[in-house]
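Undergrad: Sequence isn't available, so here's the structure alone:
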């Protein structure tokens, strides 16, 4: 009944680990099974990828395949393994807690919890567990507490690596930790007695006659450190007659423990040095090195072999003047290094080798105490220094002596007042001096000395306190400074007192008078007091020459040449009508007045002084030239405008006088231009008229064509005739009126000639130029007054084909009289073409 399907499964890659078996199920299906036939080791290979193929029994056979991926799971079959069985490291002693030492590393081929390793101490002492810390996860071994090498120099213990599998597997390693020595111990020095030299409480007593190289003490030095840190060098510091010598030269002696003898290295002298502080220093060889020291006090015994000695060869004493007789000046003391009678001293006075004067008349000395007293009253201003010699003798046999020189310097008392070199000091200064500038110097002296002669200078205000806060004085130089800038115009002189106070107790003082005179500087410009800039003077036109118009009055706050004024007119006098006296400021009329001079004149007057550099002031003098002052308000308004007009612009006379002349010139020019244009039009028309008459001729009284000046009647319905070619007939072209533009007097432009003429005297006002209502009709005038016929251009005429060449006949007499608005210059009626031509020509002329 049906073909038997055949299924087959096989591994694409041959494997010695896996085998594929196919089993038959109860329902007749094929069940493939993967059988493990070899040992699996995840650490060698953790996965396999197999290719399965199934094929039916048809013909042809059909098949398909799939990938089977086999993952090998882990079991805890591997123990952790340390990288090394023995770990060895060096650790510096005194390392701070947390310092890492080394990291122990172990590996486990397993994965997951089977491969997770923890580190723990194995065989370790309590000291190891107290001093070290082992991180269970990372295996880092670090310092837990500071380690002292002098207590323990090596730590040896084991560490275990344990995985987390079940059951867990372990491994162990040995750790050897060598503690490296650090130079953390200072050497110790022990000084002990030796021989017959007594030594107690750190003090050794040695006679000064002891022999050189005699041992006086035993010195033992030790260091707890190891190696170079324990090698100690011992020495005696300072300039003392003692030295150290090794107690033994044996090689078996440890480096960190040594013995030395302290020997004398030079003779001892009781008189020179009675006590020696011998300092012994021990230094180890560590890096950095450490040191310690110990000292021994050596006391030297005495012998009698020294004379009395003064502490100073020269003794200087300060003693105040004005003393009382019998006062003690000083006490001299001599010392003797000997003892007993050899050290008992007596004192006496003798003359100084540099002075022949015997000191006994002025000074005396107590032989036992050495007190020096004065027997007279001293005055420093008379003599300030005394010098004598004191001799000290001992009571030995033979007697020895020593001496010293005593210098008594008489100190000052404040018994003299300050003295000024002058009772009155006079100074002259310029005004406008910069503040804090010197204005003078006073000289004062004091015969005292030191602080008693240190003077404090101050300014004392005068009777009216005029110098208060204005002047200051410098103590060191006596220079007087001004705190303000002087103004002579405000004040011409100052008088005040300068007080000098010394620094004695009680202080003494003196005063002097200072007179200060301020010299003038040209710092004030002249001031015009008359006239004011807004005032004016009326001058009749009939005034004679040399008439005094006004007098400019000015003042100057300065003096001398700085106040010597001179006057000059520097503007507003274009007609040279006026002049001013340089010295008095009198303004006079020096020119003849004319009608054009009527009106307001503004004279710019400059007043200069004679200072260096000169100062100047400018004033305005308004002169109104007129017969009378009929309207003062108008003049005042002109003066007000003058005050706002630049000084460079002259205001002189009636400005409308020249303006009217200008307007008249403009009107004449415009009229002349219009007449010239009309004349040119007439010449052109006559010339063309003559040419046309010469070619065609004409009979008098015969009207062959339509009058040129007759208004054309156009029929709107009738169209112009066309020639054979279909072109329109030519329309005649009439001349247009030329418009001339001119300027108004105030700078504006006229809109037309009519407006210009309307502004001219005697001319009517025209409303229009190019035709329109109210414009003059020249055509009607010509037609009614001239019997001459017009000339019409034929198409055959050479000029008929050109545009804008129509010619009109003008009568011989083309003059007309205008009467206001009744005069007409253009035609009321025109053809369409002629109006267009006229407008076009007007535009062209205006453009020009």
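TA: On my side now, so go ahead. Just so you know, these numbers come straight off a predicted model, no measurement behind them.

Undergrad: Now do the buried residues in stretch 150-159.
TA: 155, 157, 159 (16 or more other Cβ atoms under 10 Å). In this view, the C-beta of every residue, glycine as well, is placed from N, C-alpha and C.

Undergrad: The residues you listed in strands, which ones?
TA: Among these, DSSP state E puts 155, 157, 159 in strands.

Undergrad: quick one: contacts for the second one?
TA: Same thing as residue 157. 121-125, 128, 174-175 (Cβ atoms under 8 Å, 6 or more residues apart in numbering).

Undergrad: what do you get if the cut-off is 10 Å, keeping everything else the same?
TA: 121-125, 127-129, 132, 134, 141, 174-177 (Cβ atoms under 10 Å, 6 or more residues apart in numbering).

Undergrad: All the helices of this structure, in order from the start?
TA: 126-131, 632-642, 655-696, 753-759, 778-785, 832-847 (DSSP state H).

Undergrad: got the domain boundaries for the chain?
TA: 18-71, 81-180, 188-301, 309-411, 419-519, 527-659 (the TED database).

Undergrad: where does the stretch 1-150 of the chain have low pLDDT?
TA: Residue ranges of the stretch 1-150 of the chain with pLDDT under 70: 1-15.

Undergrad: again, but for the chain
TA: In the chain, residues with pLDDT under 70: 1-15, 249-253, 354-358, 462-468, 655-663, 693-848.

Undergrad: Check which residues of stretch 266-278 are buried.
TA: Using 16+ other Cβ under 10 Å as the test for burial, stretch 266-278 gives 268-271, 276, 278.

Undergrad: will you turn these into TSV that also has distance to residue 64?
TA: Shown next, in TSV, are these (distance: Cβ to Cβ, whole Å):
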residue	distance to residue 64
268	121
269	124
270	126
271	128
276	115
278	110
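
Undergrad: What is the nearest of those residues to residue 95?
TA: residue 278 (39.5 Å; Cβ to Cβ).

Undergrad: Now find how far off-centre stretch 683-693 is within its chain.
TA: Relative to its chain's centre, stretch 683-693 lies at 91 Å (Cα atoms, centre = their mean, to the nearest Å).

Undergrad: For stretch 472-483, what is the distance to the chain centroid?
TA: With Cα atoms, centre = their mean, you get 36 Å for stretch 472-483.

Undergrad: what do you get for stretch 584-603?
TA: The answer for stretch 584-603 is 62 Å, by Cα atoms, centre = their mean.

Undergrad: Same check on stretch 317-332?
TA: 65 Å.

Undergrad: got it, and stretch 524-542?
TA: 55 Å.

Undergrad: what about it, start to end distance?
TA: End-to-end distance of stretch 524-542: 41 Å, with Cα to Cα, to the nearest Å as the criterion.

Undergrad: re earlier: of the domains of the chain, which is nearest residue 690?
TA: That would be domain 527-659 among the domains of the chain, by Cβ to Cβ, at 47.2 Å.

Undergrad: My guess is residue 349 contacts residue 408. True?
TA: No. In this structure, residue 349 is not within contact of residue 408 by Cβ atoms under 10 Å, at 11.9 Å.

Undergrad: tell me, what's touching these two both at once?
TA: 359, 363, 372, 388.

Undergrad: now the first one: how far from residue 325?
TA: Residue 359 is 15 Å from residue 325, where distance means Cβ to Cβ, to the nearest Å.

Undergrad: If you count surrounding residues, which of residue 349 and residue 408 has more?
TA: residue 408 (23 against 18; other Cβ atoms under 10 Å).

Undergrad: leaving aside the residues next to it on the chain, what's closest to that one?
TA: In space, residue 408 comes closest to residue 386 once its chain neighbours are excluded; the distance is 4.3 Å by Cβ to Cβ, 6 or more residues apart in numbering.

Undergrad: again, but for residue 618
TA: residue 606 (5.2 Å).

Undergrad: give the contact list for residue 283.
TA: 186-187, 221, 223, 231-235, 289-293.

Undergrad: Produce a ChimeraX select command limited to the buried residues of the residues you listed.
TA: The following ChimeraX command selects only the buried members of the contacts of residue 283, with burial defined by 16+ other Cβ under 10 Å:
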select :186,187,221,223,231,232,234,289,290,292
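
Undergrad: Of all pairs in the contacts of residue 283, which one is the farthest apart?
TA: 231 and 293 (17.6 Å).

Undergrad: hmm, back to that, OK, contacts around the residue nearest to residue 618?
TA: 526, 552, 566-571, 580, 616-619 are the contacts of residue 606 under Cβ under 10 Å, 6+ apart.

Undergrad: before we move on, what about residue 280?
TA: 189, 191, 217, 219, 221, 234-237, 242, 244, 260, 262, 292-296.

Undergrad: so what's residue 86 bridging to?
TA: Beta bridges link residue 86 to residue 174, judged by DSSP bridges.

Undergrad: quick one, what contacts the closest residue in space to residue 381 that isn't next to it in sequence?
TA: Leaving aside its chain neighbours, residue 381 sits nearest to residue 447 (5.9 Å; criterion: Cβ to Cβ, 6+ apart). Under the criterion of Cβ under 10 Å, 6+ apart, the contact list for residue 447 reads 380-381, 412, 415-419, 453.
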